[in-house]
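*Asks:* The sequence and its predicted three-dimensional model are supplied below.
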Amino acid sequence: MATQMFEGRGHAAVYQKYRFAPGQELQQTILAYLQEKRVSPAELVVDVGCGSGQGTRFLAEHFKKVVGTDISEAQVQEARDAPSMPNISYLVCPAEELPFEDASVDLLTSFTAAHWFDIEKFMREANRVIKPGGCMVISTYTTDMRLHYGNCSEKLTKAFRE
């Protein structure tokens, strides 16, 4: 299960105040990739490990329905309390147990949170909820992270490091 960090309400408030949104270059890369590769616009976007919602709010500017999830109730409360858009909702749940139907998510993101997850379980869960032809974006502060999933772990890790 994901590591629980940043639990206290005071800590979550500081995180909300000082945590930055995904950088402009990353934002543009995601949007350009989706525009090039997808035939239809994403209906449901899920931001896993959303913390206080910085990445979730960026996504809401571009997609119809965005759900931010995090294991920390304090972080999700901070996200809910922040100025937001009507197409965002937040749920408290572990990254490895997403409450979405099979093949229901068009885009699944995790902005600098995946290093806290049980990666193998998270990858299985991502595979379950992402639609055929859907996309997953994982950004992290390190390229040392390895992705584990079935017999394609090496290919996933190589793609991640690019």
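*Replies:* Sure thing, it's come through. Here the structure is a predicted model, which means the values were calculated and not measured.
*Asks:* Give me the below-cutoff pLDDT ranges for this structure.
*Replies:* Residues of the chain that meet the criterion pLDDT under 70 lie in 1-23, 39, 141-162.
*Asks:* rerun that using 80 as the cut-off
*Replies:* 1-24, 26-27, 37-41, 140-162 (pLDDT under 80).
*Asks:* what about the lengthiest strand in the chain, distance to the chain center?
*Replies:* The longest strand of the chain (DSSP state E) is strand 130-139. Relative to its chain's centre, strand 130-139 lies at 10 Å (Cα atoms, centre = their mean, to the nearest Å).
*Asks:* buried ones in the lengthiest helix in the chain?
*Replies:* In the chain, with assignment by DSSP state H, the single longest helix is helix 24-37. For helix 24-37, the neighbour count (16 or more other Cβ atoms under 10 Å) marks 27, 30, 34 as buried. Yep, even glycine has a C-beta here, placed from its N, CA and C like the rest.
*Asks:* who does the following helix or strand past that helix pair up with?
*Replies:* The C-terminal neighbour of helix 24-37 among helices and strands, as given by DSSP states H and E, is strand 44-48. Using DSSP bridges, the strands paired with strand 44-48 in its sheet are strand 65-70 (parallel), strand 105-111 (parallel).
*Asks:* ok, back up a step: list the helices and strands the longest strand of the chain packs on?
*Replies:* helix 24-37, strand 105-111 (3 or more Cβ pairs under 8 Å, 6 or more residues apart in numbering; DSSP states H and E).
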